[in-house]
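K.L.:
any chance you can model this:
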Amino acid sequence: MAKVRTVFRCSGCGADAPKWIGRCATCGEWNTLVEEIETPEAIAITGPSALAVAVTEVDITNAAPQPTGIGELDRVLGGGLVAGSVTLIGGEPGIGKSTLLTELAALWAAAGERVLYVSAEESTQQVRARAERLGALSESLYLLAETMLPHIIAALDDVKPALLIVDSIQTVVDPDLGTAPGTVVQVRECAYRLVREAKERELPVVLVGHVTKDGTLAGPRVLEHVVDTVLAFEGERHHSLRLLRAVKHRYGPTNELGLFEMTEQGLVGVADPSGLFLADRRGGVAGSVVVSTVEGHRPLLVEVQALVSLSPLAVPRRSAQGIDHGRLSLLLAVLERRVGIHVNRDDVYASAVGGVRLVEPGADLGVALAIASASAGVALPEGVVVFGEVGLAGELRQVAQTPRRLSEAARHGFTHAIVPALAAAGPASITAVRVSTLAEAIDVLRLSPT
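P.N.:
Reported below is the predicted structural model:
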């Protein structure tokens, strides 16, 4: 008889503890340990063992990605879905994950491919209503409202789909495990089983995952390790813009960005994201700077805004939205020590407009100049775009893909660009003003403190 043991497992990272404790010793989260009953079982070895082959003899005919029909999704996936791959997509509730996957299922079904959409949270009537609203009704799209893993596997034998979508993996249950739905054991083992089915059937599988309050995927970290691709679907619920990023991708790069706009007709790819970001921008406002940034191979023009005001508090506020808070603190220190702009008694607010998140160092110059502009109360001249990394000594360092950044700025009518001294040349229609330090850039723009 198998020995039964009680364990306390963290629902955030999957770490075990011999007894309940308030804070997980591995990930540091509070009140995430859940009691589980674990029965060790022997793993049956079935089928012949795999044979080692020369790398030159490996068949790669099925490794080519199959386009999904959604341009922005194909951009992030490096061309499309690969046979036998498992893709995990996570995002906050209501961000549009189910809408995106319904559109994906509809396009494959319209092409004559059978698609099995397993709805483990919604009824088939709810999914059909969404598909009808999106114009996605097709006889090749099969719906299954089921949470039991054996029934889902049986449906694969019955339907024989070319694509499987499971929404969501946290609600799928294997009754043989004997634990509650959503526990670490259930999520991990159900994901393992679906990955095994995907590899054996050469079937692309897309899983939907819940996220925690801090935006990371819920459940054990092994869930991210076992799948081939992890996609993060982001955006502000009060904005129409949605961003799709690849956190992990075994079949291509992870630095591409897909942009969608949520409309009444569903998610629509954004062909000109820079135009969308700058559509509502007001010129001649102090603290407003346009930054030319790059996500993957896609150049974007994003407005960075800053506001500086005298603080009534003993410790002034430092607020960053769409900008790393640590990076903001670093730039404030450089402005004070290297340039002489003192905001230690002021509240400082910095924001990347439009719901976008600036993570690359090329945005440093834009954030610093926005703060300097807001502090001096002087607006930047019209037609100026900036980019460059700021070092601790106040120097400006060059960043990658300068010609792409300048070409995108020129396409949108910008005539001057403040760039690092060693930056590469761009198109003739835009004048590159080369500066070596942050202080020199501020002097050029006449933002020096009075």
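
K.L.:
can you map out the helices along the stretch 351-450 of the chain?
P.N.:
Under the criterion DSSP state H, counting those that start in this stretch, the stretch 351-450 of the chain carries helices at the ranges 364-376, 402-411, 438-444.

K.L.:
got it, and the chain?
P.N.:
71-77, 97-110, 124-133, 149-159, 184-201, 222-226, 273-277, 325-334, 364-376, 402-411, 438-444 (DSSP state H).

K.L.:
can you tell me which of these is nearest to Ala50?
P.N.:
helix 184-201 (11.6 Å; Cβ to Cβ). Where you see a C-beta, it was placed from the backbone N, CA and C, and this is true even at glycine.

K.L.:
and that closest one with helix 149-159, angle?
P.N.:
20 degrees (axes from the mean of the first three to the mean of the last three Cα atoms, to 10 degrees).

K.L.:
so where's the stretch 151-300 of the chain uncertain?
P.N.:
Counting by pLDDT under 70, the ranges of the stretch 151-300 of the chain that qualify are 212-222, 237-238.

K.L.:
nope, the stretch 1-150 of the chain is what I meant
P.N.:
For the stretch 1-150 of the chain, the ranges with pLDDT under 70 are 1-5, 12, 36-48.

K.L.:
returning to that earlier point: most packed of the helices of the chain?
P.N.:
helix 364-376 (a mean of 27; mean count of other Cβ atoms under 10 Å).

K.L.:
that helix packs against which elements?
P.N.:
If contacts are counted by 3 or more Cβ pairs under 8 Å, 6 or more residues apart in numbering; DSSP states H and E, helix 364-376 sits against strand 288-295, strand 298-310, helix 325-334, strand 346-352, strand 384-386, strand 389-390, helix 438-444.

K.L.:
can you list contacts of the third one?
P.N.:
What it means is helix 325-334. 318, 320, 343, 348, 350, 364, 367-368, 371, 390, 392, 394, 438 (Cβ atoms under 8 Å, 6 or more residues apart in numbering).

K.L.:
from those residues, which is closest to Val58?
P.N.:
The closest of the contacts of helix 325-334, once distances to Val58 are taken by Cβ to Cβ, is Asp364, at 44.0 Å.

K.L.:
next up, the contacts around that closest one.
P.N.:
327, 331, 388-390.

K.L.:
now with 7 Å, please.
P.N.:
By Cβ atoms under 7 Å, 6 or more residues apart in numbering, Asp364 lies in contact with 331, 388-390.

K.L.:
now those residues in JSON lines, please, with extra columns for distance to Thr147 and pLDDT.
P.N.:
Listed next are the contacts of Asp364 as JSON lines, based on distance: Cβ to Cβ, whole Å; pLDDT from 0 to 100:
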{"residue": "Leu331", "distance to Thr147": "49", "pLDDT": "97"}
{"residue": "Gly388", "distance to Thr147": "52", "pLDDT": "97"}
{"residue": "Glu389", "distance to Thr147": "49", "pLDDT": "97"}
{"residue": "Val390", "distance to Thr147": "51", "pLDDT": "97"}
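
K.L.:
so which of those residues would you say is closest to Val195?
P.N.:
Glu389 (39.7 Å).

K.L.:
that closest one: neighbour count?
P.N.:
Neighbours of Glu389 under the rule other Cβ atoms under 10 Å: 16.

K.L.:
how much space between it and Leu358?
P.N.:
12 Å (Cβ to Cβ, to the nearest Å).

K.L.:
on that earlier part again, kindly reformat the helices of the chain as TSV and extend each row with distance to Thr431.
P.N.:
Formatted as TSV, those follow (distance: least, Cβ to Cβ, whole Å):
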stretch	distance to Thr431
helix 71-77	31
helix 97-110	41
helix 124-133	49
helix 149-159	60
helix 184-201	53
helix 222-226	46
helix 273-277	19
helix 325-334	25
helix 364-376	17
helix 402-411	10
helix 438-444	12
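
K.L.:
and of these, who's closest to Pro312?
P.N.:
That would be helix 364-376 among these, by Cβ to Cβ, at 17.7 Å.

K.L.:
now the angle between helix 325-334 and that closest one, please.
P.N.:
Computed by the same axes, to 10 degrees, the angle separating helix 364-376 from helix 325-334 equals 60 degrees.

K.L.:
excluding its backbone neighbours, what's nearest Pro361?
P.N.:
Leaving aside its sequence neighbours, Pro361 sits nearest to Glu389 (Cβ to Cβ, 6 or more residues apart in numbering; 3.9 Å).

K.L.:
cool, and Gly284?
P.N.:
Using Cβ to Cβ, 6+ apart, the closest residue to Gly284 is Ala379 (5.0 Å).

K.L.:
what about the one you found, neighbour count?
P.N.:
For Ala379, using other Cβ under 10 Å, the count is 18.

K.L.:
any buried residues in stretch 383-394, and which?
P.N.:
383-391, 394 (16 or more other Cβ atoms under 10 Å).

K.L.:
test my guess that the residue nearest to Pro361 contacts Val399.
P.N.:
Yes - between Glu389 and Val399 there is a contact under Cβ atoms under 7 Å: 5.6 Å.

K.L.:
shared neighbours, those two?
P.N.:
Contacts common to Glu389 and Val399, judged by Cβ under 7 Å, 6+ apart, are 361-362.

K.L.:
any idea how far apart the tips of stretch 110-129 sit?
P.N.:
End-to-end span of stretch 110-129 (Cα to Cα, to the nearest Å): 18 Å.

K.L.:
other residues contacting it?
P.N.:
105, 108-109, 138, 140-147, 152, 155-156, 159-168, 171-172.

K.L.:
could you do stretch 295-305 as well?
P.N.:
With Cβ under 7 Å, 6+ apart, stretch 295-305 has contacts from 253, 255-257, 273-274, 277-278, 281, 287-293, 351-354, 356, 358, 363, 366-367, 370, 385, 404-405, 408-409, 412.

K.L.:
quick one: the residue nearest to Pro361 from Gly322, how far?
P.N.:
From Glu389 to Gly322 the distance is 18 Å (Cβ to Cβ).

K.L.:
quick revisit: possible to save the helices of the stretch 351-450 of the chain as a markdown table with distance to Leu81 and mean pLDDT?
P.N.:
As requested, the helices of the stretch 351-450 of the chain are arranged in a markdown table below (distance: least, Cβ to Cβ, whole Å; pLDDT from 0 to 100):
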| stretch | distance to Leu81 | mean pLDDT |
| --- | --- | --- |
| helix 364-376 | 36 | 96 |
| helix 402-411 | 28 | 95 |
| helix 438-444 | 45 | 95 |
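
K.L.:
among the ones you listed, which comes closest to Arg75?
P.N.:
Of the helices of the stretch 351-450 of the chain, nearest to Arg75 by Cβ to Cβ is helix 402-411, at 15.2 Å.
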